[in-house]
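Enquirer: my questions concern the predicted model and sequence given below.
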Amino acid sequence: MDIQAPKGTKDILPENIYKWQYVENLFRKLCSVYGCREIRTPMFEHTELFKRGVGETTDVVQKEMYTFEDKGGRSITLKPEGTAPAVRAFIENGLFNEVQPTKLYYFTPCFRYEKMQKGRFREHHQFGVEVCGSVEASIDAEVISLVMRVYKELGIEGVQLRINSMGCPSCRKKYNGALKEFLGNKYEELCETCKSRFEKNPLRILDCKVNSCKGIVSGAPIISDYICEECSTHFESLKNYLGVMDIHFDVDPLIVRGLDYYTKTVFEVLDKNGLALCGGGRYDNLIKQIGGPDVPAMGFGMGIERLLMALEENNIEIPSEKYMELYVGSMNEASKCEAIKIVNSLREKGIKCECDHMDKSVKAQMKYANKIEAYYTIILGEDEIKTRIAKIKRMSDRQQFEIKLDNLQEIINIVKA
Ligand code: HAM
């Protein structure tokens, strides 16, 4: 076939979907335990939202967004991340009027035009949580504890939680000054994008993916040396609360995240190979910045593809749902009608069952029953229809039991035993 899925995208096939459903269910269960409620926002937003929210000088906005003009001449962007849309919805729907904090969670595809690498896609999926309304470091610790519980419940080992503080705008101002001083005499060696960042937002030069820039920033001042007292106290409280919950962490003063909205707490969870499984932090000014009230917030985004890769690397098997409780085969039109009738009634009772729709021979039907992992089979022929008595076979040990076709409950009892 000459038309293929676009580069950086993947089909999730039926044979793998159970893994997605399993982790989604786990996440839903945990979110409900933590008092978070699901929110679904549109797949695309006005481009302005991400420019203002994520930041004009970030790689995401400058290089990676799927932006287009719609037929009405509006600039539209496929969401590259879930925070700005959730916050837009929080403001637009007046969720700040409800009892605070507002704890939201979501599953969302995200679109970023990125260079392909292991674990990096152009469409990826995230589980995310955004908690709006609290400035307390205890909520930061709670959000992080939810992240770590996901890995714990799944049995993924060797994940490393790294935390840092990015400070508030006044810490950032001092830090930007120091960065500019450090980078000043290396300005000419920066890539063109970073030259444009130098005045507007020198911090973003630190996460430039261009190799020459990566070399230039090594040895740059680190933000933790410029944190004010209030931010420092907040960070100490976070560490304390994490300790209270026995959550192990490392402080990594080099974490600056790739999105502009962060203040104070930032964190990442890395797998054994250093790949980021999850990232997040506090964003106390974002809601106000995109037109809402002055409400602080904290959240994270967890890559689902990377989570599934980590499961595989840890050899963790997820229970497959792929089985059938019963296959009802047939040999002619009359027995096919009976099979359809039985299957239809059993499905009404919640029994997972199948019958033939391919006019297969009995031998081929038995092969099919094996393939779909049917636990039991019944084959109906002329005799069975006449006597209303048939045999149900347990596929694991080939043992057969007699059943009455008109006694569905008897079939259900055997299948469910
Ligand atoms: P992010 O660090 O850009 O943060 O993405 C979160 C996670 O999504 C990453 O740690 C990674 O697991 C996964 N991820 C990101 N890009 C890709 C990609 N191209 N391919 C595969 N997986 C990827 C955010 O998006 C923030 N909205 C998180 C947040 C929520 N902060 C506060 N609230």
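Expert: Received, thanks.
Enquirer: so which residue of the stretch 251-400 of the chain comes closest to the ligand?
Expert: Going by Cβ to the nearest ligand atom, the ligand is nearest to G303 of the stretch 251-400 of the chain, at 2.5 Å. Where C-beta positions appear, they are placed from N, C-alpha and C, glycine not excepted.
Enquirer: contact residues of the stretch 101-250 of the chain facing the ligand?
Expert: Counting by Cβ under 6 Å from any ligand atom, the positions of the stretch 101-250 of the chain adjacent to the ligand are R112, E114, G119, R120, F121, H124, Q126, G128, E130.
Enquirer: same question, the stretch 301-417 of the chain
Expert: Neighbours of the ligand within the stretch 301-417 of the chain, by Cβ under 6 Å from any ligand atom: G301, G303, E305, R306.
Enquirer: so how far is D70 from the closest residue to V143 other than its chain neighbours?
Expert: In this structure, V143 finds its nearest non-sequential neighbour in M298, 5.4 Å apart by Cβ to Cβ, 6 or more residues apart in numbering. Distance, M298 to D70, using Cβ to Cβ, to the nearest Å: 33 Å.
Enquirer: over to V217?
Expert: In terms of Cβ to Cβ, V217 sits 38 Å off from D70.
Enquirer: in stretch 272-290, what's buried?
Expert: Residues 275-287, 289-290 are the ones in stretch 272-290 that count as buried (16 or more other Cβ atoms under 10 Å).
Enquirer: which ones among these lie within helices?
Expert: Members of the buried residues of stretch 272-290 lying in helices (criterion: DSSP state H): L286, I287, Q289.
Enquirer: in terms of contact, does R306 touch A276 like I think?
Expert: Yes - between R306 and A276 there is a contact at 7.4 Å, judged by Cβ atoms under 8 Å.
Enquirer: now do the helices in the stretch 51-200 of the chain.
Expert: 59, 83-92, 137-154, 169-184, 192-200 (DSSP state H, counting those that start in this stretch).
Enquirer: just these: most buried one?
Expert: helix 83-92 (a mean of 22; mean count of other Cβ atoms under 10 Å).
Enquirer: what residues are up against Q399?
Expert: K393 (Cβ atoms under 8 Å, 6 or more residues apart in numbering).
Enquirer: now tabulate the helices of the stretch 51-200 of the chain in CSV and tack on mean pLDDT.
Expert: Output for these, formatted as CSV (pLDDT from 0 to 100):
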stretch, mean pLDDT
helix 59, 90
helix 83-92, 98
helix 137-154, 98
helix 169-184, 93
helix 192-200, 91
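Enquirer: between those helices, which gets nearest to C36?
Expert: helix 137-154 (7.8 Å; Cβ to Cβ).
Enquirer: mind giving me the packing neighbours of that closest one?
Expert: Judged by 3 or more Cβ pairs under 8 Å, 6 or more residues apart in numbering; DSSP states H and E, helix 137-154 is in contact with helix 14-33, strand 123-132, strand 160-165, helix 229-244, strand 265-270, strand 276-282, strand 297-303, helix 304-313.
Enquirer: now these as JSON lines including mean pLDDT?
Expert: Below are the helices and strands packed on helix 137-154 laid out as JSON lines (pLDDT from 0 to 100):
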{"stretch": "helix 14-33", "mean pLDDT": "96"}
{"stretch": "strand 123-132", "mean pLDDT": "98"}
{"stretch": "strand 160-165", "mean pLDDT": "98"}
{"stretch": "helix 229-244", "mean pLDDT": "98"}
{"stretch": "strand 265-270", "mean pLDDT": "98"}
{"stretch": "strand 276-282", "mean pLDDT": "98"}
{"stretch": "strand 297-303", "mean pLDDT": "98"}
{"stretch": "helix 304-313", "mean pLDDT": "97"}
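Enquirer: mind putting the ones you listed in TSV, distance to A89 included?
Expert: Below are the helices and strands packed on helix 137-154 laid out as TSV (distance: least, Cβ to Cβ, whole Å):
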stretch	distance to A89
helix 14-33	17
strand 123-132	10
strand 160-165	28
helix 229-244	27
strand 265-270	23
strand 276-282	18
strand 297-303	13
helix 304-313	21
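Enquirer: what residues are up against the residue in the stretch 101-250 of the chain that the ligand sits nearest to?
Expert: When scored by Cβ to the nearest ligand atom, the stretch 101-250 of the chain has H124 as its residue closest to the ligand, at 3.3 Å. In this structure, H124 makes contact with P109, C110, R112, G303, I304, E305, R306, judged by Cβ under 8 Å, 6+ apart.
Enquirer: just the buried members of those?
Expert: Using 16+ other Cβ under 10 Å as the burial test, these include C110, R112, G303, I304, E305, R306 as buried.
Enquirer: so the third one makes contact with L270?
Expert: No - counting by Cβ under 8 Å, G303 stays clear of L270, with 11.7 Å between them.
Enquirer: domains in this protein, as residue ranges please.
Expert: With automatic domain parsing as the criterion, the domains of the chain are listed as 14-168+227-313, 326-416.
Enquirer: the longest one: how far from the chain's middle?
Expert: It refers to domain 14-168+227-313. Its chain's C-alpha centre and that of domain 14-168+227-313 lie 10 Å apart, by Cα atoms, centre = their mean, to the nearest Å.
Enquirer: show the end-to-end separation of it, please.
Expert: The straight-line separation of the ends of domain 14-168+227-313 (Cα to Cα, to the nearest Å) is 21 Å.
Enquirer: kindly report the same for stretch 380-392.
Expert: Using Cα to Cα, one end of stretch 380-392 lies 10 Å from the other.
Enquirer: list the buried residues of that stretch.
Expert: For stretch 380-392, a neighbour-count test (16+ other Cβ under 10 Å) marks L380, E384, I385, A390, I392 as buried.
Enquirer: so what does S330 look like in phi/psi?
Expert: Phi and psi for S330, reported as degrees, to the nearest 10, are phi -150, psi 170.
Enquirer: hang on, the earlier thing: how about the contacts made by the residue nearest to V143?
Expert: The contact partners of M298, by Cβ under 8 Å, 6+ apart, come to E130, V131, S134, I139, D140, V143, T265, G280, G281, R282, Y283.
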